[in-house]
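S.K.: A predicted structure for the sequence below; I have some questions about it.
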Amino acid sequence: MKRGLVVVAHADDAEFGCAGTVALWARDGYEVTYVVCTDSSRGSEDPAITREQLIALRKEEQAEAARILGVREVLYLGHEDGAVVDDEPLRRQIVRLIRAYKPERVIAMDPTVRIVDRYVNHPDHVAVASATIAAVYPFARNRPTFPDLLAEGLEPFSVPELWLTSFGQANTWVDIGETIALKVEALRAHRSQMRDWDPEPMVRDWAKRAGAGQLIDAAESFRVIRLT
């Protein structure tokens, strides 16, 4: 069974960055697992909703988005939204999952991207992406690292491919023409985030721009690092 692991900071991050590709992988027989590292507890300006209510709501929305795309499982690491850091405990959690699930492909954000035209990358995105890359290489494959995981029976594992969602540094383009409607539908499932805003025009514009140089009508772009 082919497996993919998508590691993100917040509920909805995967839908914005790679949902079209994830839906294609699921159609192609991949078992895709989401890893959401924070509790997504700061993603609302509604004064009427409590922190606990928001956490539960965002899990419900993420579960619905995952169902739409064919994602097999969603895991939550529970770090505080807005406060997650690239540290040893987070790296250990991700290494544990890599060794347990043995994914052929891991998707993460690109931590080198901080500021792009009219966009400032969230510090949680940078922290989680940095920790994921460190987990993929070298720590998941390195036997002396985290010996407690060996005691759990989790042997070292070398991830063949690391996919970073790309802002202008892509070397791989995925044609999502068949799944862009699912991407839009999955984003709409995050009702607390979309509110009255329809993401479809933006999603289609992004996909058109991403594929333009490759003669693809709708694409998601990645920087893929092949490690084995």
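M.R.: It's in.
S.K.: ok, now how distant is the nearest residue to residue 20 once chain neighbours are set aside from residue 44?
M.R.: Nearest residue to residue 20, sequence neighbours excluded (Cβ to Cβ, 6 or more residues apart in numbering): residue 176, at 2.9 Å. In this view, the C-beta of every residue, glycine as well, is placed from N, C-alpha and C. According to Cβ to Cβ, to the nearest Å, residue 176 and residue 44 sit 29 Å apart.
S.K.: with neighbour numbers in mind, choose between the two.
M.R.: Ranked by neighbour count (other Cβ atoms under 10 Å), residue 176 and residue 44 place residue 176 first, with 26 against 17.
S.K.: and that one, what does it touch?
M.R.: With contacts defined as Cβ atoms under 8 Å, 6 or more residues apart in numbering, residue 176 is in contact with 20-21, 23-24, 183, 207, 218-220.
S.K.: try it again with 10 Å
M.R.: Shown in contact with residue 176 (Cβ atoms under 10 Å, 6 or more residues apart in numbering): 18-24, 182-183, 203, 207, 210-211, 216-220.
S.K.: same check on residue 34?
M.R.: Residue 34 is in contact with 4-8, 11, 13-15, 22, 62-63, 65-66, 69, 71-76, 107, counting by Cβ under 10 Å, 6+ apart.
S.K.: for the nearest residue to it once chain neighbours are set aside, which three-state class applies?
M.R.: Ranked by Cβ to Cβ, 6+ apart and with sequence neighbours excluded, the top spatial neighbour of residue 34 is residue 74, at 4.5 Å. At residue 74, secondary structure determined by DSSP: H, G, I helix; E, B strand; the rest coil is strand.
S.K.: buried among the contacts of residue 176? Need that as a selection in ChimeraX.
M.R.: The ChimeraX command for the buried members of the contacts of residue 176 (criterion: 16 or more other Cβ atoms under 10 Å) is given here:
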select :18,19,20,21,22,23,24,182,183,203,207,210,211,216,218,219,220
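S.K.: mark which of the contacts of residue 176 are part of strands, please.
M.R.: Among the contacts of residue 176, the ones falling in strands (DSSP state E) are 219-220.
S.K.: next step: the contacts of residue 176 restricted to helices.
M.R.: Of those, the ones assigned to helices by DSSP state H are 18-24, 182-183, 203, 207, 210-211.
S.K.: mind putting the residues you listed into TSV with pLDDT?
M.R.: TSV is the format used below for these (pLDDT from 0 to 100):
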residue	pLDDT
18	99
19	99
20	99
21	99
22	99
23	99
24	99
182	99
183	99
203	98
207	98
210	96
211	97
